[in-house]
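>>> Mind looking at a prediction? Sequence and model below.
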Amino acid sequence: MKRVKLIVAYDGTNYCGWQVQKNGITVEEVLNKTLTELLGEEITVIGASRTDSGVHALGNVAVFNTEARIPAEKISFALNQRLPDDIRIQKSEEVDVDWHPRFCDSIKTYEYKILNRRFANPLQRFYTHFVYMPLDVEKMKEAAGYVVGEHDFASFCSSGSQVDSTVRTVYSLDVSKEKDVICIRIRGNGFLYNMVRIIAGTLMNIGRGVYPPEHMKEIIEAKDRCQAGPKAPARGLTLIDIAYKQE
C-alpha cells in the first residue's frame, strides 16, 4: 500500500463544498468516485481543508491510500482526463503512509476578492463579492494590522464549530486594490469555521465607515461573535495554498 498526496484546484460554484454530504454533490465525492473508477478499488480521500459551498481553491490538499501499481506522479494525468472541467489535479506524489494533511504544521493562504464599483460585472459574479458602496481601502488596511499575531479569534467563528481552542496565529493580512477589485489576502497557521469570511465582512464594515479601524482591536478582545461584522458570501473566497513546514 502507498499513500498519494494530491494538490487540488477547483471552481466551487457548482459544489456544496468539499466534504461529502447528503444535500448535494461535493468535490470530495467527485474525487472519491473518479479515483475508485480509475484505480479499480474503493478510494476515500482525506482533505486538508473542508471548504464551504461556493468557495474556490487553487491549492487544497488531499491524500488517499491505494494498492495500485501506477506511479503516484502519473495519477494526476490519468485523473484529470476523467474529472469534470471545474476540478483539476495540479500535482500528485507519494508521501509517507502516516502523513496526514490536517495533522502536520502548515501555513494556509486565502484570498477574498471584492468587486467595488457602481455596477456589477457579470463575468466576475462567481469569483468576487460585489459591493456598490465605495470602500475606504486605507481604513481597511489599518484595521487589518490589529488582526496580525496570535489572538483568541472567538469573535470570528461561526456557531457550530467544534474546536478545543479558538486561538490562532495570523502571519499576515494584506488589503490591496487593483482597478475595481479589492483583495484581502490572509496567511495563518489555521482558521476557525468561517473565520476568513467573517474577517472580510468586518473589514468591509470598516471600509463603509460603520466603525473606525481601531474598533477591530475591541472586536478581537470581546471574544464574542455578535461584536464582529457579517459573514461575507462564499463566492469571493479562494484557498490559495497550503504550505507544509517540513517541505
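That came through fine.
>>> Can you tell me the SS state at Ile184?
strand (DSSP: H, G, I helix; E, B strand; the rest coil).
>>> before we move on, what about Ile220?
What three-state DSSP gives for Ile220 is helix.
>>> tally of neighbours for it?
Neighbourhood size, Ile220 [other CB atoms under 10 Å]: 20. To be clear about C-beta, it is placed using only N, CA and C from the backbone, and glycine gets the same treatment.
>>> can you pull the contacts of it?
Tyr146, Val147, His151, Asp152, Phe153, Ser155 (CB atoms under 8 Å, 6 or more residues apart in numbering).
>>> Quick check: the fifth one vs Thr44, distance?
Plainly put, Phe153 is 31 Å away from Thr44 if you go by CB to CB, to the nearest Å.
>>> Neighbour count: the two, which is higher?
Between Phe153 and Thr44, counted using other CB under 10 Å, Phe153 has the larger neighbour count: 24 against 12.
>>> Can you report how many residues lie near Met204?
23.
>>> In this structure it contacts Leu115, no?
No - at 11.9 Å, Met204 does not count as touching Leu115 under the criterion of CB atoms under 8 Å.
>>> quick one on the thing from earlier: with pLDDT and secondary structure as extra columns, can I get the contacts of Ile220 in a markdown table?
Formatted as a markdown table, the contacts of Ile220 follow (pLDDT from 0 to 100; DSSP: H, G, I helix; E, B strand; the rest coil):
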| residue | pLDDT | secondary structure |
| --- | --- | --- |
| Tyr146 | 98 | helix |
| Val147 | 98 | helix |
| His151 | 98 | strand |
| Asp152 | 97 | strand |
| Phe153 | 98 | coil |
| Ser155 | 97 | helix |
